[in-house]
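Asks: Need a 3D model of the following:
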Amino acid sequence: MSWPEKRTWIVPALVLVALALRLAGVFDSALPFSFYPDEANNVEHSVNFYVPGSGFDLNPHWFNKPALGYYLNFFCFGLYYLFGHFISGEFASPADFAHVFLNQERTGFYIIVRLVQAIFGTLTVWVTYRIGKELLNRQLGYLSALFMAIAPIHVEFSALGKNDVSAGFLGALGFLGCLNIARSGRRKDYVFAGVAIGMGWATKYVPICLAPTLILAHLLRKKAQKERPQTWRLLALGFAAMGISGFLGSPYNFLDPTSYHESIKTILDGAKGLFFGAGEASNYSMAYLARYAAWITAQNHVFTLPCTLLAIVGAVFGLKAIGKNKALLLLSWVVVVYGVLITTNSQRVRPNHLIAIMPALSILAALGFLILTQRLNRLTKKSASTVSALLLFCLLLPVPGAPTYALVKHYRSLYTPHPQRQAYDWIQKNLPAGTTILNVSEVMTLIPSTERIEWLGDRIPFEIALANRSLATIEERRKSAVKEDLEQLDRAQIHWEQLLQWWTTQQKKL
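Replies: Coordinates of the predicted model:
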């Protein structure tokens, strides 16, 4: 392409566009509630590190996700309290702060966690530019950042209080560190890559998939420097940095190993599917799961079909342009993450899981765009700038299947009054005080009545004690059980463990 090699305004403009797209989704029609279960769950986990009357407890007691993202939210909530206590006068005490949260006045909490993710999402666009520039040149960096800025799934989750986007940012930083290792192999490059991957793992487990890329970067650098080969000490330093940062970010994964293992047992069972036929891989063939992941990627609300096709073109025809070593590193990022997502999920790959490799997909799409521009340039004899401008214009048209169309639909749904919020407003307006409401599975975000809280206060300890007694009885029966009875005891144990977990969660929420 004949684009100018450097334009200082392009990257700031792309970052501002990315920030605007993400901030536009922070304030939706559901506030002060969130009807996205994972977001509400994440906010509750983040708040639970301090309880008025009992003090701090930094053990999350729940390890389906690591704790670093929750710690960051908790820190921001602390700043929110300090502002409300000392400056605005909104909160007289920590108990008053908790009272506001428990009475569903959670607008401030949801906005805080969403802003955190919006900032990380915007920074990911900048990191994607840096990776594209390092892989080839500024042109690839500009295009990669553009695809990243408008990726529908990334825009959507950058305005939700989940940790996919922040973990994806740290994973992208880790990959940038791996590129620096392959290029120069300095001590600080190993430390940087290790810390970024470790912190990403402490935010959400997927970034640990970059560990093989770190090893590959070391091997490629060692091979390139025959006259001054790198020692394995540097690789050990990188992994030490990864382990230390992972520990500091989510320490109770190590300090409470029993609870940690119980929480991630589903993930471990899924991983066995690759070798032992357990988990999702036992229900579907690996080929089907791979096709399903590709199909999810091409969905309109994820990466869209045009961008996915461009990424395929980039992977097939464009990798040669960036060189063998860099291509191997980029492919290792994509292939390992896809492989882990396919083989370890208890469900099939979900759209938000792909956020972990959205920067890599954006880079591949940018490579595909460059290849297509070159081919059309030769075919039409038009200038490269004209061809690229027309391609970008077509890509950004708000027509069905295009990224901009998906974003328009997303914002329209965000600012259409949410049915549950409408139902809540109707209840508040039309039902007399004291009305009893059957709230099955807590579908509505309602404040429990005093009577129900008192009933739960008596019921929960009874249910927990019953579950513990039943589990103890099962253990006793195992000692004298014959082989035929063990399967029945296993089912009973799973039943009571699930009940114990559910009632323990209710006690913590209460």
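Asks: okay, CA-based contacts and neighbour counts for the rest of this
Replies: Will do.
Asks: so what's the most centrally placed residue in the chain up against?
Replies: Most central in the chain under C-alpha atoms, centre = their mean is Asp164, positioned 1.1 Å from the mean C-alpha point. By C-alpha atoms under 8 Å, 6 or more residues apart in numbering, the residues touching Asp164 are Phe157, Lys204, Asn352, His353, Ile355, Ala356.
Asks: so what pLDDT did it get?
Replies: For Asp164, the model assigns a pLDDT of 96.
Asks: Can you tell me how far it is from Ala366?
Replies: 23 Å (C-alpha to C-alpha, to the nearest Å).
Asks: what's the model's confidence in the host helix or strand of Ala20, averaged?
Replies: In this assignment (DSSP states H and E), Ala20 forms part of helix 10-23. Averaged across helix 10-23, the pLDDT comes to 96.
Asks: Please identify the buried residues of it?
Replies: Using 16 or more other C-alpha atoms under 10 Å as the test for burial, helix 10-23 gives Val11, Leu14, Val15, Val17, Ala18, Leu19, Leu21, Arg22, Leu23.
Asks: which two in those residues are spaced the farthest apart?
Replies: Val11 and Leu23 (18.2 Å; C-alpha to C-alpha).
Asks: and the helix holding Ala20, how far out from the chain's middle?
Replies: Relative to the centre of its chain, helix 10-23 is centred 20 Å away, using C-alpha atoms, centre = their mean, to the nearest Å.
Asks: one step back: ranking by neighbours, what's the top pick from the contacts of Asp164?
Replies: Ala356 (28 neighbours; other C-alpha atoms under 10 Å).
Asks: Quick check: chain neighbours aside, which residue is closest to that one?
Replies: Leaving out its chain neighbours, the residue that sits closest to Ala356 by C-alpha to C-alpha, 6 or more residues apart in numbering is Gly168, at 4.6 Å.
Asks: could you measure that neighbour against Leu341, distance?
Replies: With C-alpha to C-alpha as the criterion, Gly168 and Leu341 are 14 Å apart.
Asks: Looking at the two, which is more packed in?
Replies: Taking other C-alpha under 10 Å, Gly168 and Leu341 do not tie; Gly168 has more neighbours (29 against 24).
Asks: give the contact list for that one.
Replies: Thr124, Gly200, Pro207, Ile355, Ala356, Ile357, Met358.
Asks: just the strands in this protein please.
Replies: 50-51, 55-56 (DSSP state E).
Asks: hmm, back to that, for the helix holding Ala20, packing partners?
Replies: Using 3 or more C-alpha pairs under 8 Å, 6 or more residues apart in numbering; DSSP states H and E as the contact test, the elements touching helix 10-23 are helix 107-135, helix 138-150, helix 152-157.
Asks: So what touches it?
Replies: In contact with helix 10-23 (C-alpha under 8 Å, 6+ apart) are residues 115, 118-119, 121-123, 125-126, 129, 142, 145-146, 149-150, 155-156, 158-159.
Asks: Next, the angle helix 138-150 makes with that helix.
Replies: 10 degrees (axes from the mean of the first three to the mean of the last three C-alpha atoms, to 10 degrees).
Asks: What angle do helix 107-135 and helix 10-23 make with each other?
Replies: 150 degrees.
Asks: before we move on, back to that, scan the contacts of Gly168 and report the most crowded one.
Replies: Busiest of the contacts of Gly168 [other C-alpha under 10 Å] is Gly200, holding 34 neighbours.
Asks: Can you lay out the helices and strands packed on helix 10-23 as TSV showing mean pLDDT and distance to Asn325?
Replies: Formatted as TSV, the helices and strands packed on helix 10-23 follow (pLDDT from 0 to 100; distance: least, C-alpha to C-alpha, whole Å):
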stretch	mean pLDDT	distance to Asn325
helix 107-135	97	10
helix 138-150	96	17
helix 152-157	97	28
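Asks: okay if I get the ones you listed as a markdown table plus distance to Pro403?
Replies: Formatted as a markdown table, the helices and strands packed on helix 10-23 follow (distance: least, C-alpha to C-alpha, whole Å):
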| stretch | distance to Pro403 |
| --- | --- |
| helix 107-135 | 16 |
| helix 138-150 | 6 |
| helix 152-157 | 6 |
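Asks: out of the ones you listed, which comes closest to Cys307?
Replies: Closest among the helices and strands packed on helix 10-23, once you apply C-alpha to C-alpha, is helix 138-150, at 7.8 Å.
Asks: Show me what the closest one is packed up against.
Replies: Helices and strands touching helix 138-150, by 3+ C-alpha pairs under 8 Å, 6+ apart, are helix 10-23, helix 107-135, helix 358-380, helix 403-414.
Asks: With just CA atoms, put that helix into PDB.
Replies: Below are the C-alpha coordinates for helix 138-150, written out as PDB (Å, rounded to 0.1, in the frame of the first residue of the first chain):
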ATOM      1  CA  ARG A 138       2.600   1.200  11.000                       C
ATOM      2  CA  GLN A 139       0.100   0.400   8.300                       C
ATOM      3  CA  LEU A 140      -0.600  -3.000   9.800                       C
ATOM      4  CA  GLY A 141      -0.700  -1.400  13.300                       C
ATOM      5  CA  TYR A 142      -3.300   1.200  12.100                       C
ATOM      6  CA  LEU A 143      -5.500  -1.400  10.500                       C
ATOM      7  CA  SER A 144      -5.200  -3.800  13.400                       C
ATOM      8  CA  ALA A 145      -6.200  -1.100  15.900                       C
ATOM      9  CA  LEU A 146      -9.200  -0.200  13.700                       C
ATOM     10  CA  PHE A 147     -10.500  -3.800  13.600                       C
ATOM     11  CA  MET A 148      -9.900  -4.000  17.300                       C
ATOM     12  CA  ALA A 149     -11.700  -0.700  18.000                       C
ATOM     13  CA  ILE A 150     -14.900  -1.800  16.200                       C
END
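Asks: Do I have it right that Pro66 meets Met199?
Replies: No. Using C-alpha atoms under 8 Å, Pro66 is not in contact with Met199; the gap is 9.9 Å.
Asks: and stretch 309-323, which residues are buried?
Replies: Those would be Leu309, Leu310, Ala311, Ile312, Val313, Gly314, Ala315, Gly318, Leu319, Ile322, for stretch 309-323 by 16+ other C-alpha under 10 Å.
Asks: Okay, and which of those residues map to helices?
Replies: Leu309, Leu310, Ala311, Ile312, Val313, Leu319, Ile322 (DSSP state H).
Asks: Show the contacting residues for the fifth one.
Replies: Taking C-alpha under 8 Å, 6+ apart as the criterion, Val313 is in contact with Leu364, Ala365, Leu367, Gly368, Ile371.
Asks: ok, now with 10 Å
Replies: Contact analysis of Val313 by C-alpha atoms under 10 Å, 6 or more residues apart in numbering lists Cys307, Leu319, Leu364, Ala365, Ala366, Leu367, Gly368, Phe369, Leu370, Ile371, Leu372.
Asks: what does the fourth one give?
Replies: Contacts were defined as C-alpha under 10 Å, 6+ apart; by that measure Ile312 touches Pro306, Gly318, Leu361, Leu364, Ala365, Leu367, Gly368.
Asks: Need the per-residue pLDDT for it.
Replies: 96.
Asks: Quick check: it vs Ala241, distance?
Replies: Ile312 is 34 Å from Ala241, by C-alpha to C-alpha.
Asks: Could you do the first one as well?
Replies: For Leu309, the distance to Ala241 equals 37 Å [C-alpha to C-alpha].
Asks: Can you pull out the low-pLDDT segments for the stretch 201-350 of the chain?
Replies: Across the stretch 201-350 of the chain, the ranges flagged by pLDDT under 70 are 222-230, 265-284, 345-347.
Asks: would you list every one of the helices in it?
Replies: Using DSSP state H, counting those that start in this stretch, the helices assigned to the stretch 201-350 of the chain run over residues 211-224, 232-249, 252-255, 257-263, 265-276, 286-297, 305-313, 319-322, 324-344.
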